[in-house]
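[1] Provide a 3D model corresponding to the input given below.
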Amino acid sequence: MSNSIERIRTLALVGQSGAGKTSLAEALLAKAGAIPAGGSVERGTTACDYTPLEKQLQHSLKLAVASFETQDTRIHLLDTPGYPDFLGHALPALAAVETAAIVINAQNGIEMMTGRFMQWAARRGLDRLVIVNKIDADNVNLEDLLERIQQTFGKECLPLNLPAGNCSEVSDCFFAPSGEADFSSVEEAHRRLVDQVVEVDEKLMETYLEKGEVTPEELHTPLECALREGHLIPVVFTSAKTGAGIGELIDVIAHLLPNPSEGNPPVYVKTAGDKSEELRAEPDPKKHALAHVFKIEIDPYIGRVAVFRVHQGRLTSGGQLFIGEGRKPIKPGHLYMLRGKTQTEVNEALPGDICAIAKIDEIQFDHVLHDSAEDAHVHARPLELPTSVFGLAVQPKKRGDEQKVSDVLHKIVAEDPCFRIEHNSQANETVMRGLGEMHLKAILEKMSSQYKLELDTKPPSIPFRETIAAKAEGHSRHKKQTGGAGQFGEVFLKVEPLPRGTGFEFVDSVKGGAIPNQFIPAVEKGVRGVLESGYIAGYPLQDVRVIVYDGKSHPVDSKEVAFVSAGRKAFLDALGKARPIVLEPIVNVEIIAPEAKMGDVAGELSGHRGQIKGSDSPRPGTVQITAQAPLSELEHFPARLKSLTAGHGSYSMEFSHYEAAPPQLQQKLAAAHKPQAEAE
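    Here you go, the predicted structure:
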């Protein structure tokens with residue numbers, strides 16, 4: 001096998017859970033002869049779902065890589081989980097490939113995640129391919145489904161092959177268009193494909209109009225261009241179960257999908273001070289290396305495995321590498337290609353290759369690996385990952401397990417970009433945050449089965465914030481006279497509200513050295529001390545600008561502590577007059593429920609200050625509701641949704657913004673804070 005990058009293909013299987021992505025990966029591996037026979041998800045014998053928990057739950061929980069060779073082509077296949085709760089393990093796959101294959105379950109048709117992955121892949125400039133899987137299932141109307149795909153995603157979704165022989169095989173419409181199809185006609189499908197592709201190449205279009213035919217070879221370059229521009233989104237039909245269309249899909253991957261030099265080049269960002277410029281990585285093995293780490297897995301036996309995609313240059317097992325902004329180079333020693341949990345050692349990785357390095361603890365998710373010190377400030381373009389707002393406060397069941405729990409939680413944070421841990425010092429609780437109930441349940445399961453740790457959980461305290469609603473002025477004079485040197489500092493400042501989500505600004509507009517320059521940081525320190533502890537209800541303050549404009553100092557007695565104290569008290573003085581208010585977090589909620597229960601679910605939401613923003617019916621009998629609601633009102637919502645829909649409802653939520661809490665809630669929170677403040 002030649003080591004040229006023209007022979008490399010990278011493909012991520014994405015889409016709704018239950019579309020059969022893992023089974024499809026298995027069928028492709030078996031067809032290519034990379035594994036002796038296809039395993040099954042039900043029996044827990046697939047290459048990509050290899051963790052004990054995935055075998056037990058029978059669905060993917062993380063991104064898996066399966067690399068294999070066939071037809072003189074090296075294919076790096078990424079299998080991703082399809083539940084919205086596991087997006088932290090699915091979206092990073094889009095940063096590692098040229099092509100996103102959106103897999104659709106022929107029985108269920110277009111589902112919520114189908115459309116979302118279509119958009120995400122388009123935003124990242126990826127080539128897209130639609131795979132309609134499970135064509136052998138009962139009650140499937142493929143003609144109708146193809147029409148719906150074209151209505152939803154555009155007329156550029158054209159079939160490369162069509163089901164034939166009552167869905168037992170497929171007929172090719174591109175390479176050698178002849179044969180029967182279960183619906184439509186192969187000739188017509190072929191003509192439509194050619195018509196669509198020649199539109200991007202004027203010269204070829206003229207030839208086509210003169211001769212009435214063009215060869216697949218002539219079509220190759222314009223086809224790549226049409227895929228890159230989203231002018232063509234090919235549709236193919238498969239059944240992972242019967243093997244129908246699997247050989248044809250391998251042909252499509254090997255002969256039609258882009259190699260690393262044909263896809264849209266990935267964007268890197270180089271920062272210097274406040275400036276940042278975009279760089280395009282070039283798939284050239286002779287340039288200096290740039291590789292992006294898109295997955296970290298911490299294996300109980302092997303330790304940390306970092307999986308990366310090479311975009312530029314080449315990596316060799318003996319060569320030296322820098323990690324992110326780190327100044328100290330490492331020598332990886334071994335490079336591996338992955339097929340599920342099987343590792344095969346390789347000597348080098350070229351642009352387009354997806355490889356792994358084990359046992360190097362400094363490598364984090366999203367790091368850039370590079371071989372030249374001057375690339376320390378090059379970063380991958382950030383992935384747009386959803387914010388994790390679903391929280392559980394946790395503590396170990398066994399006293400004395402605290403340190404162990406903390407260590408394990410940090411391992412999971414390293415592996416999962418959408419999982420985070422917060423320590424809420426006001427309530428003295430450790431909170432795990434994820435994308436939903438299922439996400440955190442899987443993490444608790446993993447802690448119990450893999451690390452033998454049991455946790456008690458309860459709903460977390462709500463992350464309220466405080467801000468001000470008016471401008472005001474504040475003043476404080478700090479004066480202490482004891483034997484010897486005293487302390488003196490005086491501060492005048494103004495406060496004003498900032499737009500929601502701006503944070504905090506500190507402005508020094510002192511003229512003529514009224515407060516000497518060296519004491520301004522002390523004033524700021526005093527002010528920032530108040531930000532954390534809040535004013536009316538003990539929650540952190542945000543969206544406030546503090547302008548220090550005047551003060552007095554003493555040549556002998558002025559000290560840092562005096563200005564810290566004066567700054568703090570002047571700020572508190574101003575806050576008292578600036579109409580302080582409590583803000584509450586508002587979240588976007590997306591609910592999927594049986595259509596018959598729409599009224600009940602909507603009623604439940606509006607009873608908790610929720611606002612319905614829209615509803616849609618992704619497939620017959622199901623309704624998808626989008627709404628906004630205060631996080632504080634949603635504590636019992638998961639349980640209510642379960643009982644209202646007899647377990648058939650699911651939901652996900654993401655943080656939207658902060659807004660002023662209603663007056664009665666403000667009073668309640670302030671009243672609860674008073675006794676605590678007095679006790680201190």
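[2] Pass me the low-pLDDT residue ranges in the stretch 551-680 of the chain, would you?
    For the stretch 551-680 of the chain, the stretches with pLDDT under 70 are 675-680.
[3] all strands of it, in order?
    All strands of the stretch 551-680 of the chain, identified by DSSP state E, counting those that start in this stretch, fall at 580-594, 611-616, 622-630, 650-660.
[4] Just checking: what are the partner strands of the first one?
    Looking back up the chat, that one is strand 580-594. Strand pairing for strand 580-594, determined by DSSP bridges: strand 465-468 (antiparallel), strand 622-630 (antiparallel), strand 650-660 (antiparallel).
[5] likewise the shortest one?
    Paired with strand 611-616 in the same sheet, following DSSP bridges, are strand 622-630 (antiparallel).
[6] Could you pull out the buried residues of the strand it pairs with?
    Neighbour counts over strand 622-630 (16 or more other Cβ atoms under 10 Å) mark 622-625, 627-630 as buried. No exception for glycine: its C-beta is placed from N, CA and C like everyone else's.
[7] cool, stretch 18-37 as well?
    Within stretch 18-37, the residues scored as buried using 16+ other Cβ under 10 Å are 18-32, 34-35.
[8] So which of those are in helices?
    21-31 (DSSP state H).
[9] Take these and lay them out in CSV including pLDDT and distance to residue 513.
    Shown next, in CSV, are these (pLDDT from 0 to 100; distance: Cβ to Cβ, whole Å):
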residue, pLDDT, distance to residue 513
21, 95, 67
22, 94, 69
23, 94, 74
24, 95, 72
25, 95, 69
26, 93, 74
27, 94, 76
28, 95, 73
29, 93, 73
30, 92, 78
31, 93, 79
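[10] Any chance of TSV for the residues you listed, columns distance to residue 609?
    Below are those laid out as TSV (distance: Cβ to Cβ, whole Å):
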residue	distance to residue 609
21	38
22	40
23	43
24	43
25	44
26	47
27	49
28	49
29	50
30	53
31	54
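[11] closest to residue 120 among the residues you listed?
    Distance to residue 120 across these (Cβ to Cβ) is lowest for residue 21, with 15.5 Å.
[12] Residue 231 touches residue 156, doesn't it?
    Yes: here residue 231 reaches residue 156: they are 5.9 Å apart, a contact under Cβ atoms under 8 Å.
[13] Touching both of the two, which residues are there?
    Counting by Cβ atoms under 8 Å, 6 or more residues apart in numbering, the contacts common to residue 231 and residue 156 are residue 196.
[14] which sections of the chain are below the confidence cut-off?
    Residue ranges of the chain with pLDDT under 70: 1-3, 426, 483-484, 675-680.
[15] middle-most residue in it, spatially?
    The centroid of the chain falls nearest to residue 385 when counting by Cα atoms, centre = their mean (2.8 Å).
[16] Could you pull up the residues touching that residue?
    The neighbours of residue 385, taking Cβ under 8 Å, 6+ apart as the test, are 87-88, 91, 417-418.
[17] tell me the secondary structure for it?
    Look at residue 385: counting by DSSP: H, G, I helix; E, B strand; the rest coil, its state is coil.
[18] Next: residue 144.
    helix.
[19] How much space separates residue 361 from residue 304?
    Note on residue 361: its distance to residue 304, by Cβ to Cβ, to the nearest Å, is 6 Å.
[20] These two - which one has more neighbours?
    residue 304 (19 against 10; other Cβ atoms under 10 Å).
[21] you'd agree the more buried one is in a strand?
    Yes: according to three-state DSSP, residue 304 belongs to a strand.
[22] Pretty sure it sits against residue 363.
    Yes: Residue 304 is within contact range of residue 363, at 7.2 Å (criterion: Cβ under 8 Å).
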